[in-house]
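J.: Here is a sequence together with a model predicted from it:
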Amino acid sequence: MKKLVFLLVGFVLSTALMAQVTPSALAEGVKLLNYEKNKSALNFFKEAYDKNPGDGETTFWYGQAILAQNYNGISTTESIQKAKDLFQKSIQAKGNDPWLLIGMSHIQSLEGADVNAVKQNLEVAITSTLNTKGKYKGKPNQDIINAIGYVFAELPISIGDHRYAIDKLKETVSAYDIVNPSLYINLGINYLKLGGGENGGDAVTAFQNAINADPKNAYAYYRIGKVYQTQNNKESLDEFYNKAIAADPAIAPVYFSLYTYYAEVSTSIAKSNLDLFLQYADKDPIFEYFSADYLFRSGQFEQSLEKAKAMEAAGSLTIFPGLAVLLAKNYDKKGDTVLAKSYIEPYITNTTPDKLINTDYELAVKILSKFSGSQASLAVILEKAIAADTSKVNKLKYYKLGYEMLEKNNMYADELKWYTNYSALRGVKDEVYYYKTASIAINAKEGVLASTITKEYIANFPDKPNGYSMNVRAAKLLDTANNLGILFEAVNIQNEFLLKDVAKNKQALVNNYYTLIGYYNETKGYENAVLMCDKVLELVPEDPTTLQAKAQFTKNIEIIKKMQNSKGGAPAPPVQKPAADTTQIKKG
């Protein structure tokens, strides 16, 4: 009897818990939206709405499907107006239904409404649907919070308070023993919407929690794979994309993501994934773009351009701005940079950062940098990319694109700023860092920085010649008249290194001795100038120029002595001879 009681209790508890996560009748339509089968989702929700137009939840999701009808799910002016009309009509008939309030909040955000006003409407939706009895009395309704999380996940990265959505989602998942996996997924997406690479870990944790709640959740595996793709982590992206396919082979976005990744690596693997994407995705004429893109990547440039131009003539550029990238690539390949610029410039300027990929920026820099005066605008574009991207690898690419572009145009002061930021993010002070920083600083005429960096270069790499030579170049920026002793010191430091192999460094030593001769001439240290002439003559015996200079210095010494004797002045200071082991000439 006790066993029967326990079984009944267990049955009641499990039934109660299952009731908390019973999937909605609309779940299949939401899955279609997640799988980016937006036309199928629209048909699904329209049919549901026609059967039950008074249901707020159905109306909400029908509006979401309307907003997703552009080729890539990005809302257009037309789709926003159509969804707005739907929600307003339903509100007039039903009043402030919480689902409709959330739907209208989505519209208001897209139209640029005040963030706080939007959140006030959402708070009404939340408080009006709090659980009123049972264990979770006073707790938020999971479906309502999930809808709010979905709205913010769909908003562009620059619109809406994504932290607000994160807080509501976290509050809700912590309040329940059993959680709808969709809450975790929308939590992860909103973490990514915050921007910055530091949120990727939180996003992956949220997606993994969705998998823990539903091990067959293909969409959660896909979202983790997307995070790793932004980090160029091939091993991890392959792992999670394969897990997504294993959970549901019909998840089309996985194949598209694999296509975009392998398009730069292997055209054959890319093509097989493109074929699978087209097999499982909704049929759409716009997908002709991907065939044209594959033709370009496989070297069939004329065929690619022909197909792309046909799509443009059919009006596809208006509904699919990404076609501009393919047209720009094709015209750049043909050498028509003017036409290439006419496509890539408006695309890269007008597209939001979360919809651009690193190769878009690379193409823009390649094309636009060929035109004088474009560097400032390109720098702004790259800064936008750096701010939006979560991948350290991609950020480094953008910084590198920036400083290389500026270097090619002799904009060394700006290049120095970009390379400094690049190096700070890279976090490695190897020889490349010291050499590049010193070189740019010298070109930018930043003598103090160049001098500091070259001294660090010498200290960390004492056996490398470039640190010594660059230290001399930096000193010349600070001691232009060669009379402050700065260049004198740098030359003597370099001489210590050069004297380790006199035969190899003969000409460099001669040049340095002449620099020291110049210093002693400027400071009237003629005795030391004579000593430097002797050093040159040891390396180049009977050199006429050096002999002539030595004679002049000797004559100057005699003149000074005669003047001092005739005036009864103090004798000339003693000659400072170089150290026997290094020939270093110390300043008198």
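T.: Okay, I see it. Everything quoted here is computed from the prediction, not taken from an experiment.

J.: how about the helices in the stretch 401-550 of the chain?
T.: Per DSSP state H, counting those that start in this stretch, the stretch 401-550 of the chain carries helices over the ranges 412-426, 431-443, 447-460, 465-478, 486-498, 506-522, 526-539, 544-566.

J.: Residue 124 is nearest to which of these?
T.: When these are compared by Cβ to Cβ, helix 412-426 sits nearest residue 124, at 43.6 Å. In short, each C-beta sits where N, CA and C put it, glycine included.

J.: Which strands or helices does that closest one pack on?
T.: Applying 3 or more Cβ pairs under 8 Å, 6 or more residues apart in numbering; DSSP states H and E, one finds that helix 412-426 contacts helix 375-388, helix 392-408, helix 431-443.

J.: repeat that for 7 Å
T.: Secondary structure elements in contact with helix 412-426, counted by 3 or more Cβ pairs under 7 Å, 6 or more residues apart in numbering; DSSP states H and E, are helix 392-408, helix 431-443.

J.: which residues sit against that helix?
T.: Outside helix 412-426, the residues within contact range by Cβ atoms under 7 Å, 6 or more residues apart in numbering are 392, 395-396, 399-400, 402-403, 406-407, 433, 436-437, 440-441, 443-444, 446.

J.: Low-confidence stretches in the stretch 51-200 of the chain?
T.: Residue ranges of the stretch 51-200 of the chain with pLDDT under 70: 71-73, 196-197.

J.: Need the pLDDT of the nearest residue to residue 550 once chain neighbours are set aside.
T.: Closest residue to residue 550 in three dimensions, ignoring its sequence neighbours and counting by Cβ to Cβ, 6 or more residues apart in numbering: residue 533, at 3.8 Å. Per-residue pLDDT puts residue 533 at 94.

J.: just the one 3 residues further on next, same as before
T.: We note a pLDDT of 94 for residue 536 in this prediction.

J.: Equivalent analysis for residue 201, please.
T.: Looking at residue 201, its pLDDT is 90.

J.: Now name the helix or strand holding it.
T.: In this assignment (DSSP states H and E), residue 201 forms part of helix 200-213.

J.: Distance from the chain centre to the helix or strand just after that helix, please.
T.: Heading C-terminal from helix 200-213, the first helix or strand you meet, by DSSP H and E, is helix 218-230. Computed by Cα atoms, centre = their mean, to the nearest Å, the separation of helix 218-230 from the middle of its chain amounts to 18 Å.

J.: and after helix 218-230, which helix or strand comes next?
T.: Using DSSP H and E, the helix or strand that directly follows helix 218-230 along the chain is helix 234-247.

J.: What would stretch 118-137 look like as CSV? C-alpha coordinates only.
T.: Listed next in CSV are the C-alpha coordinates belonging to stretch 118-137 (Å, rounded to 0.1, in the frame of the first residue of the first chain):
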residue,chain,number,x,y,z
VAL,A,118,8.9,50.2,-24.0
LYS,A,119,10.0,48.7,-20.7
GLN,A,120,6.9,50.1,-18.9
ASN,A,121,4.6,48.3,-21.4
LEU,A,122,6.6,45.1,-20.8
GLU,A,123,6.3,45.5,-17.0
VAL,A,124,2.5,45.6,-17.4
ALA,A,125,2.6,42.4,-19.5
ILE,A,126,4.7,40.7,-16.8
THR,A,127,2.8,41.8,-13.7
SER,A,128,-0.6,41.0,-15.3
THR,A,129,0.5,37.4,-15.9
LEU,A,130,2.3,36.5,-12.6
ASN,A,131,1.3,33.1,-11.3
THR,A,132,-1.5,33.4,-8.8
LYS,A,133,-1.4,30.1,-7.0
GLY,A,134,0.7,27.0,-6.2
LYS,A,135,4.4,26.7,-5.6
TYR,A,136,5.3,29.4,-8.1
LYS,A,137,2.8,32.0,-6.9
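
J.: List the contacts of residue 384.
T.: residue 353.

J.: other SSEs contacting the helix holding residue 201?
T.: Counting by 3+ Cβ pairs under 7 Å, 6+ apart, the packing neighbours recorded for helix 200-213 are helix 181-193, helix 218-230.

J.: of all these, which gets the most neighbours per residue?
T.: Stretch with highest mean neighbour count among these: helix 181-193 (a mean of 26; mean count of other Cβ atoms under 10 Å).

J.: quick one on the thing from earlier: tabulate the helices of the stretch 401-550 of the chain (a markdown table), appending distance to residue 338.
T.: What follows is the helices of the stretch 401-550 of the chain, written out as a markdown table (distance: least, Cβ to Cβ, whole Å):
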| stretch | distance to residue 338 |
| --- | --- |
| helix 412-426 | 26 |
| helix 431-443 | 31 |
| helix 447-460 | 39 |
| helix 465-478 | 40 |
| helix 486-498 | 48 |
| helix 506-522 | 48 |
| helix 526-539 | 57 |
| helix 544-566 | 55 |
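
J.: Out of those helices, which is closest to residue 355?
T.: Comparing these against residue 355 with Cβ to Cβ, the closest turns out to be helix 412-426 (23.4 Å).

J.: I figured residue 65 hits residue 42, correct?
T.: Yes: with contact defined as Cβ atoms under 7 Å, residue 65 reaches residue 42; the gap is 4.4 Å.

J.: quick revisit: mean pLDDT lowest for which of the helices and strands packed on helix 412-426?
T.: Looking at the helices and strands packed on helix 412-426, the weakest mean confidence is helix 392-408, a mean of 91.

J.: Alpha carbons of it, as CSV, please.
T.: Below are the C-alpha coordinates for helix 392-408, written out as CSV (Å, rounded to 0.1, in the frame of the first residue of the first chain):
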residue,chain,number,x,y,z
LYS,A,392,39.7,38.4,-30.7
VAL,A,393,41.0,36.9,-33.9
ASN,A,394,38.7,39.0,-36.0
LYS,A,395,39.4,42.1,-34.0
LEU,A,396,43.1,41.6,-34.6
LYS,A,397,42.4,41.2,-38.3
TYR,A,398,40.5,44.6,-38.4
TYR,A,399,43.3,46.4,-36.5
LYS,A,400,45.8,44.9,-38.9
LEU,A,401,43.7,46.0,-41.9
GLY,A,402,43.6,49.5,-40.4
TYR,A,403,47.3,49.9,-39.7
GLU,A,404,48.5,48.4,-42.9
MET,A,405,46.1,50.7,-44.9
LEU,A,406,47.4,53.7,-43.0
GLU,A,407,51.0,52.6,-43.6
LYS,A,408,50.5,52.3,-47.3
